[in-house]
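> next input, structure requested:
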Amino acid sequence: MSETQDHALLHEADGVLTVTLARPEKLNAIDDAITETLWQAVTALRDRPDLRVLVIAAQGRYFSAGIDLKTVTGRGGDIAADTPAAGAEYRTFYRRHHLLYDEMEAVEKPIVLAAQGPCLGAGLEMAVSCDFRLASDAASFRLPEVGLGTISGSGGVSRMTRLVGPHWSKWIAMAGQSVDAAQALAIGLVHAVHPAEVFAERVDAFARELAALPREALGLSKLTIDAVAATDRGTARDIERIAQTSLIFGHEFQARREAFTNRSKDGR
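Below you'll find the predicted structure:
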């Protein structure tokens, strides 16, 4: 099933929901319409049992050039205006993005970002909120906000620092430097890099592979990894044991164990 939204496309197939940013003429700058479509997609992923994976992709040369500044300046007057109304509207705008990226992290299903080209500013903030980041060899990553006299406002710096550490986070966020796909792979910003000509095919194959995995195990794996990353070693081990016990006595493990045993008996 496919659906066209303003500036974004939605497509469902075999448990995989794909959102494709579709403003190539604006380098997929993120506006209200794209944000709303992402909210719809994340909510559907969370609430619908038939959806197993969310993929965020894009059309054109760029994954995203970042936030659409016209979207920001349309709130409470000029963004540069020193007025309470302008400041409040601006904070509300970025809070909505914070909440979206927090929900992406919290939903108990995998979210894959597929960067086929440059991924800048808010595009990179979106990327580091996803569980998996795949890049084509034409992709690059940058937070250019420092050049404008600010920093990224939707959690990009904190999330990226957790991923790649202060050393590389300073290079990208503080110095405003770009890293290409090979560098991004080397520092742990992305999980895999594929040639541009086969990129869409590789993304689709990975999404289908995820969709075929046991749902409960995927969800608890995500929760466990995020929880143990923020706690001490002893508590982390307790969390792992609780998660494993829950899964071992769950129906998915029992069904797959029985199927494996039957195959072994049949010599397959």
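> look up how far residue 190 lies from residue 160.
As for residue 160, its distance to residue 190 is 12 Å (criterion: C-beta to C-beta, to the nearest Å). Every C-beta, even on glycine, is put in place using the N, C-alpha and C of the backbone.
> common neighbours of these two, please.
Residues touching both residue 160 and residue 190 (C-beta atoms under 8 Å, 6 or more residues apart in numbering): none.
> would you quantify the distance from residue 99 to residue 156?
In terms of C-beta to C-beta, residue 99 sits 15 Å off from residue 156.
> ok, those two, which is more surrounded?
Taking neighbours as other C-beta atoms under 10 Å, residue 99 and residue 156 compare with residue 156 leading, 26 against 12.
> helix or strand for residue 235, which one?
Here residue 235 sits within helix 233-248, counting by DSSP states H and E.
> let me redo that: residue 54
Short version, using DSSP H and E: residue 54 is in strand 53-58.
> give me the buried positions along that strand.
Judged by neighbour count (16 or more other C-beta atoms under 10 Å), strand 53-58 contains these buried residues: 53-58.
> which regions of the stretch 101-250 of the chain sit below the pLDDT cut-off?
In the predicted model, the stretch 101-250 of the chain carries pLDDT under 70 at residues 236, 238, 249-250.
> for it, what spans make up the helices?
122-127, 156-169, 181-187, 199-211, 215-228, 233-248 (DSSP state H, counting those that start in this stretch).
> what's near enough to touch the closest residue to residue 227 other than its chain neighbours?
In this structure, residue 227 finds its nearest non-sequential neighbour in residue 239, 5.2 Å apart by C-beta to C-beta, 6 or more residues apart in numbering. For residue 239, the contact set (C-beta under 8 Å, 6+ apart) comprises 224, 227-228, 231.
> so how far is residue 229 from residue 239?
For residue 239, the distance to residue 229 - C-beta to C-beta - is 11 Å.
> just put the buried residues of strand 53-58 in JSON lines and tack on distance to residue 181 and pLDDT.
Listed next are those as JSON lines, based on distance: C-beta to C-beta, whole Å; pLDDT from 0 to 100:
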{"residue": "53", "distance to residue 181": "22", "pLDDT": "99"}
{"residue": "54", "distance to residue 181": "22", "pLDDT": "99"}
{"residue": "55", "distance to residue 181": "18", "pLDDT": "99"}
{"residue": "56", "distance to residue 181": "17", "pLDDT": "99"}
{"residue": "57", "distance to residue 181": "16", "pLDDT": "99"}
{"residue": "58", "distance to residue 181": "15", "pLDDT": "98"}
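> make a markdown table out of these and add distance to residue 244.
As requested, the buried residues of strand 53-58 are arranged in a markdown table below (distance: C-beta to C-beta, whole Å):
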| residue | distance to residue 244 |
| --- | --- |
| 53 | 23 |
| 54 | 26 |
| 55 | 28 |
| 56 | 30 |
| 57 | 34 |
| 58 | 37 |
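> chain center to stretch 143-153, what's the gap?
On the basis of C-alpha atoms, centre = their mean, to the nearest Å, stretch 143-153 sits 20 Å off its chain's mean C-alpha point.
> what does stretch 234-254 give?
25 Å.
> and what of stretch 204-215?
16 Å.
> now do the buried residues in that stretch.
Quick answer for stretch 204-215 (16+ other C-beta under 10 Å): 204, 206-207, 210-211, 214.
> and for stretch 166-177?
168-169, 171-173, 177.
> can you give me the end-to-end span of that stretch?
End-to-end distance of stretch 166-177: 14 Å, with C-alpha to C-alpha, to the nearest Å as the criterion.
> any residues touching it, and which ones?
Contacts for stretch 166-177 (C-beta under 8 Å, 6+ apart): 141-147, 151-152, 156-157, 160-161, 164, 178-179, 187, 189.
> could you rerun that using 7 Å?
141-144, 146-147, 151-152, 157, 160-161, 179, 187 (C-beta atoms under 7 Å, 6 or more residues apart in numbering).
> with stretch 184-201 instead?
By C-beta under 7 Å, 6+ apart, stretch 184-201 touches 116, 132-138, 141, 163-164, 168, 179, 181-182, 202.
> show me what counts as buried in stretch 176-196.
Residues of stretch 176-196 classed as buried under the neighbour-count rule (16+ other C-beta under 10 Å) are 177-181, 183-185, 187, 189-190, 193-194.
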